[in-house]
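Peer 1: no sequence for this one, just the structure:
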(Lines give C-alpha, C1' and ligand atoms only; values in the text may rest on other atoms or scores of the structure.)
Protein backbone atom coordinates (compact mmCIF):
# COMPACT_ATOMS: atom_id res chain seq x y z
CA UNK A 1 0.00 0.00 0.00
CA UNK A 2 1.35 3.40 -0.93
CA UNK A 3 1.90 6.25 1.53
CA UNK A 4 -1.07 8.36 2.52
CA UNK A 5 -1.00 12.08 1.79
CA UNK A 6 -3.32 15.04 1.42
CA UNK A 7 -4.86 15.42 -2.02
CA UNK A 8 -4.55 18.97 -3.32
CA UNK A 9 -7.91 18.81 -5.09
CA UNK A 10 -9.87 17.80 -1.99
CA UNK A 11 -8.84 19.67 1.14
CA UNK A 12 -10.55 17.30 3.59
CA UNK A 13 -9.31 14.10 2.03
CA UNK A 14 -7.01 11.28 2.83
CA UNK A 15 -5.76 9.33 -0.14
CA UNK A 16 -3.38 6.63 -1.22
CA UNK A 17 -0.64 6.96 -3.81
CA UNK A 18 0.52 9.91 -5.87
CA UNK A 19 -1.93 12.38 -7.41
CA UNK A 20 -0.85 13.60 -10.83
CA UNK A 21 -3.68 12.47 -13.12
CA UNK A 22 -1.67 13.69 -16.12
CA UNK A 23 -2.27 12.17 -19.48
CA UNK A 24 0.89 10.73 -21.01
CA UNK A 25 1.99 10.92 -24.63
CA UNK A 26 -0.13 7.93 -25.70
CA UNK A 27 -3.33 9.19 -24.07
CA UNK A 28 -3.49 6.99 -20.98
CA UNK A 29 -4.50 8.00 -17.48
CA UNK A 30 -3.51 6.11 -14.34
CA UNK A 31 -6.76 4.52 -13.10
CA UNK A 32 -5.68 4.71 -9.43
CA UNK A 33 -5.31 8.47 -9.73
CA UNK A 34 -8.44 9.05 -11.82
CA UNK A 35 -10.75 7.26 -9.38
CA UNK A 36 -11.88 8.99 -6.21
CA UNK A 37 -14.08 7.25 -3.66
CA UNK A 38 -16.05 9.38 -1.20
CA UNK A 39 -18.00 8.44 1.90
CA UNK A 40 -20.51 11.29 2.19
CA UNK A 41 -21.83 12.29 5.61
CA UNK A 42 -24.73 14.61 6.30
CA UNK A 43 -22.11 16.91 7.85
CA UNK A 44 -19.81 17.69 4.91
CA UNK A 45 -16.85 18.27 7.26
CA UNK A 46 -16.89 14.53 8.00
CA UNK A 47 -16.71 13.41 4.33
CA UNK A 48 -13.84 11.03 3.60
CA UNK A 49 -12.16 10.96 0.16
CA UNK A 50 -9.57 8.45 -1.04
CA UNK A 51 -8.11 6.88 -4.17
CA UNK A 52 -7.75 3.11 -4.59
CA UNK A 53 -4.38 1.47 -3.97
CA UNK A 54 -4.74 -0.71 -7.08
CA UNK A 55 -7.15 -1.21 -9.99
CA UNK A 56 -5.47 -3.99 -12.02
CA UNK A 57 -8.43 -6.42 -11.69
CA UNK A 58 -10.59 -3.88 -13.54
CA UNK A 59 -8.21 -1.98 -15.84
CA UNK A 60 -5.44 -4.57 -16.34
CA UNK A 61 -1.82 -4.87 -15.21
CA UNK A 62 -0.95 -1.36 -16.41
CA UNK A 63 -3.84 0.11 -14.38
CA UNK A 64 -4.45 2.61 -17.16
CA UNK A 65 -7.46 3.99 -19.00
CA UNK A 66 -6.90 4.98 -22.61
CA UNK A 67 -8.33 7.95 -24.46
CA UNK A 68 -9.16 10.69 -21.98
CA UNK A 69 -7.58 13.92 -20.79
CA UNK A 70 -8.16 15.00 -17.17
CA UNK A 71 -10.33 11.97 -16.47
CA UNK A 72 -12.14 11.81 -13.13
CA UNK A 73 -14.23 8.89 -11.95
CA UNK A 74 -16.07 9.56 -8.70
CA UNK A 75 -17.72 6.88 -6.62
CA UNK A 76 -19.92 8.53 -3.99
CA UNK A 77 -21.41 6.53 -1.13
CA UNK A 78 -23.74 7.79 1.58
CA UNK A 79 -21.92 6.84 4.78
CA UNK A 80 -25.10 5.88 6.63
CA UNK A 81 -26.96 3.90 3.94
CA UNK A 82 -24.21 3.17 1.37
CA UNK A 83 -26.55 4.48 -1.32
CA UNK A 84 -24.26 5.13 -4.26
CA UNK A 85 -23.59 7.19 -7.35
CA UNK A 86 -20.89 7.06 -10.03
CA UNK A 87 -19.88 10.16 -12.03
CA UNK A 88 -17.39 10.20 -14.91
CA UNK A 89 -16.01 13.45 -16.30
CA UNK A 90 -13.18 14.42 -18.65
CA UNK A 91 -11.93 17.48 -20.49
CA UNK A 92 -11.18 15.76 -23.77
CA UNK A 93 -11.96 12.35 -25.29
CA UNK A 94 -9.83 11.08 -28.12
CA UNK A 95 -11.52 10.44 -31.45
CA UNK A 96 -11.29 6.89 -32.83
CA UNK A 97 -8.48 6.26 -35.31
CA UNK A 98 -9.01 3.03 -37.21
CA UNK A 99 -9.65 0.27 -34.63
CA UNK A 100 -8.19 2.35 -31.78
CA UNK A 101 -10.68 4.22 -29.62
CA UNK A 102 -11.04 5.46 -26.05
CA UNK A 103 -11.86 2.80 -23.45
CA UNK A 104 -15.59 2.47 -22.75
CA UNK A 105 -15.42 3.15 -19.01
CA UNK A 106 -19.11 2.57 -18.33
CA UNK A 107 -18.95 -0.84 -19.97
CA UNK A 108 -15.74 -1.81 -18.14
CA UNK A 109 -17.07 -0.74 -14.73
CA UNK A 110 -20.52 -2.31 -15.20
CA UNK A 111 -18.96 -5.79 -14.96
CA UNK A 112 -17.53 -4.94 -11.51
CA UNK A 113 -20.37 -2.99 -9.91
CA UNK A 114 -23.27 -4.51 -7.99
CA UNK A 115 -26.44 -4.37 -10.07
CA UNK A 116 -27.97 -1.63 -7.90
CA UNK A 117 -24.98 0.68 -8.44
CA UNK A 118 -24.80 -0.16 -12.14
CA UNK A 119 -28.47 0.85 -12.53
CA UNK A 120 -28.01 4.26 -10.88
CA UNK A 121 -24.83 4.68 -12.93
CA UNK A 122 -26.70 3.99 -16.16
CA UNK A 123 -29.54 6.35 -15.21
CA UNK A 124 -27.25 9.23 -14.21
CA UNK A 125 -28.88 9.60 -10.80
CA UNK A 126 -26.37 12.12 -9.36
CA UNK A 127 -29.00 14.74 -8.45
CA UNK A 128 -31.21 12.19 -6.71
CA UNK A 129 -28.19 10.86 -4.81
CA UNK A 130 -27.18 14.30 -3.53
CA UNK A 131 -30.76 15.05 -2.42
CA UNK A 132 -30.83 11.83 -0.40
CA UNK A 133 -27.95 12.90 1.87
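Peer 2: Arrived safely. Source: prediction; values computed, not measured.
Peer 1: how many other residues sit next to residue 54?
Peer 2: Using other Cβ atoms under 10 Å, residue 54 is surrounded by 14 other residues. Just so you know, the C-beta spots here come from the backbone N, C-alpha and C atoms, and that holds for glycine as well.
Peer 1: for it, identify the helix or strand it belongs to.
Peer 2: For residue 54, there is no helix or strand it lies in under DSSP states H and E.
Peer 1: how about the strands in the chain?
Peer 2: Along the chain, the segments classed as strands by DSSP state E run 4-7, 10-16, 28-30, 35-40, 48-50, 64-66, 68-69, 72-78, 84-89, 92-93.
Peer 1: strand partners of the fourth one, parallel vs antiparallel please.
Peer 2: Yep, that's strand 35-40 we're talking about. strand 48-50 (antiparallel), strand 72-78 (parallel) (DSSP bridges).
Peer 1: which pLDDT value goes with residue 115?
Peer 2: You'll see residue 115 listed with a pLDDT of 71.
Peer 1: burial count for it?
Peer 2: For residue 115, using other Cβ under 10 Å, the count is 7.
Peer 1: how about low-confidence regions in this protein?
Peer 2: Within the chain, the segments meeting pLDDT under 70 span 1-26, 116-133.
Peer 1: using JSON lines, lay out the strands of the chain together with mean neighbour count and distance to residue 115.
Peer 2: Shown next, in JSON lines, are the strands of the chain (neighbours: other Cβ atoms under 10 Å; distance: least, Cβ to Cβ, whole Å):
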{"stretch": "strand 4-7", "mean neighbour count": "14", "distance to residue 115": "30"}
{"stretch": "strand 10-16", "mean neighbour count": "16", "distance to residue 115": "27"}
{"stretch": "strand 28-30", "mean neighbour count": "23", "distance to residue 115": "27"}
{"stretch": "strand 35-40", "mean neighbour count": "20", "distance to residue 115": "19"}
{"stretch": "strand 48-50", "mean neighbour count": "18", "distance to residue 115": "24"}
{"stretch": "strand 64-66", "mean neighbour count": "21", "distance to residue 115": "23"}
{"stretch": "strand 68-69", "mean neighbour count": "18", "distance to residue 115": "26"}
{"stretch": "strand 72-78", "mean neighbour count": "18", "distance to residue 115": "16"}
{"stretch": "strand 84-89", "mean neighbour count": "18", "distance to residue 115": "12"}
{"stretch": "strand 92-93", "mean neighbour count": "13", "distance to residue 115": "27"}
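Peer 1: many thanks, we can stop here.
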